[in-house]
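J.: sequence and computational prediction follow.
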Amino acid sequence: MTEESAHYWQHPDLPGVDLLRAHYVRHTFGKHTHDSYVLASITSGVEAFHYRGGLEVAPAGSVALVEPDRLHTGHAGVPDGWSYQVLYPGAAQIAAVAAELGAAPGSPGFGTAVVQDDELTRLVLQTHQAAEQNQVLAASTLLRLALARAVSRHSSQRLVRPVSGSGLEAASAARDLLASRLEQPPTLEQLADAVGARPFPLLRAFRDAYGLPPHAWLTQQRVRTARTLLDTGASPADVAVAVGFVDQAHLTRHFRRIVGVPPGAYRRARKNVQETIGRSPAA
């Protein structure tokens, strides 16, 4: 791929975070700084950049971590260039996540500029995907998990997990709120605020209580509700809108993953069973 492309944007439900998806071949970044952190997941090729007095090389599958106000550059490390997806979280966001994880006050630094961390890579990419699909709860949750992963695994500060209660009451209240707002779920931050908790402790308590993070539980609940609506004869297209999926294709993907068959096939099979039962002779 020789054509260069770049899409730099913000999602309204991820305040204070810029996002960049780009492919560069000839483009070079001169010496510059950011007032935010940089979490750059390299998806193909190699990026090279001067940083903290040395040359860093970030191949595909790695994540580049740059601190605020640190002078750095950027250029292709191979002739074909590099592609990446980048999160630019503000210093206050990283500091808040670090505090929830038990770090000392202040903005943490990263001991290594380029890390091999498959989980962090996955979280950065999934945050982008969820934001692009306007899945606000998933995007805000995945962002929080990505920041927590970066801080907990790669911060140069020592973290001590804070002692807290079980959080079951907050998790239960959050579950009930999500169940009532399938079509327009809150972000993780809004959900935590609504139940009087902080985002990361709520996320941890919710996962402990129900086995899934809130956005994954929401997807399961949407599919569960979709099944009920399909049983009444509603069309998959109408059901997708009713339970908050982007479109029928979005419903189909998750429905098939959880139920095992597409919603149309499920609806037809259920209709046949109900018709058969209706024709059964009385006892």
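T.: Cool, got the structure. Residues are numbered from 1 along each chain as shown.
J.: low-confidence stretches in the stretch 151-283 of the chain?
T.: For the stretch 151-283 of the chain, the stretches with pLDDT under 70 are 158-166, 270-283.
J.: quick one, phi psi at the closest residue to His154 other than its chain neighbours?
T.: Take His154 and drop its neighbours on the chain: the residue closest to it by Cβ to Cβ, 6 or more residues apart in numbering is Phe110, 5.1 Å away. Using the backbone N, CA and C atoms, a C-beta is placed for each residue, glycine as well. In terms of degrees, to the nearest 10, the main-chain angles of Phe110 are phi -110, psi 130.
J.: neighbours of Phe110, how many?
T.: Neighbourhood size, Phe110 [other Cβ atoms under 10 Å]: 23.
J.: for the one 5 residues further on, same thing?
T.: As a burial measure, the neighbour count of Val115 was computed by other Cβ under 10 Å and equals 18.
J.: one more: Leu20?
T.: 16.
J.: that one: what secondary structure?
T.: Classification of Leu20 by DSSP: H, G, I helix; E, B strand; the rest coil places it in strand.
J.: hmm, Gly109 and Ile94 touching each other?
T.: No: if you go by Cβ atoms under 8 Å, Ile94 and Gly109 don't touch, sitting 10.0 Å apart.
J.: more crowded one of the two?
T.: Higher neighbour count among Ile94 and Gly109: Ile94, with 25 against 15, using other Cβ under 10 Å.
J.: what does stretch 167-184 rub up against?
T.: 137, 185-186, 191-192, 194-197, 201-202, 204-206, 208-210, 214, 217-218, 221-222, 225, 242-244 (Cβ atoms under 8 Å, 6 or more residues apart in numbering).
J.: and what of stretch 237-248?
T.: Contacts for stretch 237-248 (Cβ under 8 Å, 6+ apart): 133-135, 182-185, 222-223, 225-226, 229-230, 234, 236, 250-251, 254, 263.
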